[in-house]
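Enquirer: how would this look folded up:
(one chain, ligands or ions: 1)
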Amino acid sequence: MQGLMMNYPLTLDRILEHANRIYPHKRISTKQIDGSMHRYTYADLYSRVKRLANVLRKLGVNPGDRVGTFAWNNYQHLELYYAIPGAGAVCHTLNIRLFPDQLTYVVNHAEDKVVFIDGTLLPLFERVADKIETVEHYVLFNVPPGVESKLPNTVMYEDLMADVDDDFEWAVTDENTAMGLCYTSGTTGNPKGVLYSHRSMYLHTIGECHPNALDLSSRDIVLPVVPQFHAMAWGLPYACALSGAELVMPGPHLKPAPLAQLIDEEKVTVPAGVPSIWNALYHELKANPRDISHVRALVVGGSAMPRSLIEAYEEQLGVNVLHAWGMTEMSPVGTVCQLQDHHQQLPNHQKWDVKAKQGYVVAGVEMRITNDAGEELPWDGATMGEVQVRGPWIARQYFRVDPTPDSFTADGWFRTGDVATLSEDGYMQITDRTKDLVKSGGEWISSVALENALMAHPGVMEAAVIAIPDDQWQERPLAVVVPAPDAGELTADELNAHLAPNFAKFWLPDEYVFVEEIPKTSVGKFDKKVLRYRHAQGELG
Ligand code: AMP
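Expert: Below is the predicted model of the structure:
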């Protein structure tokens, strides 16, 4: 027997309708190129999104077409996040930090019809323009005075907007229609596209706002430092509209000092970004203190937040750190580390131990860990296995690639490629990516655990551990360390003595290399592929 409830499609325009109806006065503030603030409300956003949907129609964008965006976090990019899906097309966020070949590949693979470009980024796109095959129009905004575009068929965003009205009927009635496309940063081979649907993103939005996840509400002011070109800015542009939270968009101002200023002056309650940004911000706040007492949760994900940095924020700055884990393939949020009742009595240092874990699944996501044979492993906090997930906002296939067993299991789970333990009460702790684990003498060594412990040493600013080939043990760990500015002389012996109390002897790195900087990927993670390459070239160690 079927239920007798309405079959009401979960489309993203409903989220914007809700924001316009209930929170029309709530603000969206963008820090512009010149440092001034652009401010408007959800009511303004609503009306401009409808105009922009009309612009898309005029440009010949039809339902199902892919439309690229190449921009910082700002109000125009937000308008695109709603207008493209609202017009039935697919919002393809292009990572501005991709190498030219990868950028060319993703635009051509997606067959983008129109690309919207932030004028400050024009030179980055112009490098690849002559290799782009399908783009019919380039639409520019924020073009700095005096800058001339070398792209063909360019039109100006505001000129187009001035030419249309804000009367538009949302185009999508089937909730399974595609709405967004995001290519993974791809550590091997070509980047792979994840194609979100209205339904998947709608449900992800509700899941993300849940009190046991980010607990967003109309009392919040959210600063997505995580770029809109990375994993849909963790879904925050939708979650804020659903919950009535105000948005502060940093534009290109991502250095620690302007971020600290923005958090202070805009009274941000939830800044969200990757650990390397928060590491830099911590040092900035120590050097130039500011009032950030309004921050109720510093959301961090994308890589493991070292426990030492969590402790530093919590103890020295009084900031509550909220660790989350996810993947582009998961829309992206999978787990959030909210403490539960049974943690409340713990002394602080044990609470931070818990907060350094990636947390438990957002309701809607199912998780298991398995061994190499695909057998499920126990939730005992010690056994490590590959993390597999399934749920309504998890990819079941990559765009234009047949599903393969290395990404999707026969019984319908997505293989994340992360290795973790799960505690009895459901807290996941990532120990590594499968390909970053160090396999020494048949045993696994977690590079992440070593990195976190090294970064807890006061003389260490950043540390990345990679596996290097070893005749006797197959692989051994090599630590690449950036000393803190005032560290003085650091030695391998000293660092191994620091690690020794907490690790088996065979875990300790045989070699240390001291460098000025660790290379980062386009989304700010340690780029171990580059480190491995440099080591193979004899440039490290
Ligand atoms: P991306 O799809 O680029 O966001 O990358 C997803 C990958 O980032 C995951 O599979 C993890 O390896 C890593 N990751 C994301 N969040 C965390 C976290 N909180 N701790 C450790 N690794 C993380």
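
Enquirer: C-alpha only now, for contacts and for neighbours.
Expert: Fine.

Enquirer: can you give me the strands in the stretch 201-350 of the chain?
Expert: Taking DSSP state E, counting those that start in this stretch as the criterion, the stretch 201-350 of the chain carries its strands at 221-224, 246-249, 270-273, 298-300, 321-326, 333-336.

Enquirer: Dump those strands into TSV; add distance to His77 and mean neighbour count as well.
Expert: Formatted as TSV, these follow (distance: least, C-alpha to C-alpha, whole Å; neighbours: other C-alpha atoms under 10 Å):
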stretch	distance to His77	mean neighbour count
strand 221-224	13	26
strand 246-249	10	28
strand 270-273	17	24
strand 298-300	22	23
strand 321-326	22	26
strand 333-336	21	28
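
Enquirer: centre of the chain versus the longest helix belonging to the chain, how much separation?
Expert: The single longest helix within the chain, with elements called by DSSP state H, is helix 42-58. Offset of helix 42-58 from its chain centre (C-alpha atoms, centre = their mean, to the nearest Å): 26 Å.

Enquirer: burial count for Ala100?
Expert: One thing to correct before we go on: residue 100 is Pro, not Ala. Other residues near Pro100 come to 16 when the count uses other C-alpha atoms under 10 Å.

Enquirer: Ok, the one 3 residues further on next?
Expert: Neighbours of Leu103 under the rule other C-alpha under 10 Å: 21.

Enquirer: Check the one 3 residues further on too.
Expert: The local packing of Val106 (other C-alpha under 10 Å) involves 23 other residues.

Enquirer: can I have stretch 393-410 written out in PDB, keeping just the CAs?
Expert: What follows is stretch 393-410 as a C-alpha-only set of coordinates in PDB (Å, rounded to 0.1, in the frame of the first residue of the first chain):
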ATOM      1  CA  TRP A 393      23.500  12.600  -1.200                       C
ATOM      2  CA  ILE A 394      26.300  10.200  -2.200                       C
ATOM      3  CA  ALA A 395      27.400   9.800  -5.800                       C
ATOM      4  CA  ARG A 396      26.500   6.400  -7.500                       C
ATOM      5  CA  GLN A 397      28.600   7.100 -10.600                       C
ATOM      6  CA  TYR A 398      30.900   9.700 -12.000                       C
ATOM      7  CA  PHE A 399      29.800  11.900 -14.900                       C
ATOM      8  CA  ARG A 400      30.300  10.100 -18.200                       C
ATOM      9  CA  VAL A 401      32.300   7.300 -16.600                       C
ATOM     10  CA  ASP A 402      30.900   3.800 -16.000                       C
ATOM     11  CA  PRO A 403      31.000   2.800 -12.400                       C
ATOM     12  CA  THR A 404      34.100   0.700 -11.600                       C
ATOM     13  CA  PRO A 405      34.700  -1.600  -8.600                       C
ATOM     14  CA  ASP A 406      37.500   0.600  -7.300                       C
ATOM     15  CA  SER A 407      35.000   3.300  -6.600                       C
ATOM     16  CA  PHE A 408      31.700   1.600  -6.100                       C
ATOM     17  CA  THR A 409      31.100  -1.800  -4.500                       C
ATOM     18  CA  ALA A 410      28.800  -4.500  -6.000                       C
END
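
Enquirer: Is any residue of it near the ligand?
Expert: No - under the criterion of C-alpha under 6 Å from any ligand atom, the ligand is not reached by stretch 393-410; the shortest gap measures 11.6 Å.

Enquirer: At the contact with the ligand, which residues of this protein appear?
Expert: 184-185, 301-304, 323-328, 358, 416, 418, 430, 433.

Enquirer: Direction included, what does the helix or strand just after the longest helix of the chain pair up with?
Expert: Later in the chain than helix 42-58, the nearest helix or strand by DSSP states H and E is strand 66-70. Using DSSP bridges, the strands paired with strand 66-70 are strand 90-93 (parallel), strand 112-118 (parallel).

Enquirer: buried sites along stretch 128-141?
Expert: 128-129, 132, 135-141 (16 or more other C-alpha atoms under 10 Å).

Enquirer: Same check on stretch 255-268?
Expert: So stretch 255-268, judged by 16+ other C-alpha under 10 Å, has buried residues 256, 258-260, 262-264, 266-268.

Enquirer: any idea how this protein splits into domains?
Expert: 1-26+38-197, 253-435, 437-536 (automatic domain parsing).

Enquirer: average pLDDT across the longest one?
Expert: It stands for domain 1-26+38-197. Averaged over domain 1-26+38-197, pLDDT sits at 96.

Enquirer: Next: the second one.
Expert: For domain 253-435, mean pLDDT rounds to 96.

Enquirer: now do the same end-to-end measure for that domain.
Expert: 34 Å (C-alpha to C-alpha, to the nearest Å).

Enquirer: go on, the shortest one?
Expert: For domain 437-536, the first-to-last residue distance is 17 Å (C-alpha to C-alpha).

Enquirer: again, but for stretch 112-131
Expert: End-to-end distance (C-alpha to C-alpha), stretch 112-131: 13 Å.

Enquirer: Centre of the chain to it, how far?
Expert: Averaged C-alpha coordinates place stretch 112-131 at 22 Å from its chain's average position (C-alpha atoms, centre = their mean).

Enquirer: Kindly report the same for stretch 82-95.
Expert: The answer for stretch 82-95 is 18 Å, by C-alpha atoms, centre = their mean.

Enquirer: I'd like the strands of the stretch 201-350 of the chain written out as a markdown table, with distance to Ser446 added.
Expert: Output for the strands of the stretch 201-350 of the chain, formatted as a markdown table (distance: least, C-alpha to C-alpha, whole Å):
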| stretch | distance to Ser446 |
| --- | --- |
| strand 221-224 | 30 |
| strand 246-249 | 36 |
| strand 270-273 | 24 |
| strand 298-300 | 21 |
| strand 321-326 | 17 |
| strand 333-336 | 20 |
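
Enquirer: Tell me which of the domains of the chain sits nearest to Leu203.
Expert: domain 253-435 (6.9 Å; C-alpha to C-alpha).

Enquirer: Can you report how many residues lie near Ala456?
Expert: 21.

Enquirer: I meant Ala463, not that one.
Expert: 26.

Enquirer: Repeat that for Asn320.
Expert: Residues near Asn320, counting by other C-alpha under 10 Å, number 17.

Enquirer: dump the residue contacts of the residue lying closest to it once chain neighbours are set aside.
Expert: Leaving aside its sequence neighbours, Asn320 sits nearest to Ala297 (C-alpha to C-alpha, 6 or more residues apart in numbering; 5.1 Å). Ala297 sits next to 269-271, 319-322 when contact means C-alpha atoms under 8 Å, 6 or more residues apart in numbering.

Enquirer: contacting residues around the residue nearest to Gly119 when sequence neighbours are not counted?
Expert: Sequence neighbours aside, Val143 is the residue nearest to Gly119 in space, at 3.8 Å (criterion: C-alpha to C-alpha, 6+ apart). Shown in contact with Val143 (C-alpha under 8 Å, 6+ apart): 118-120.
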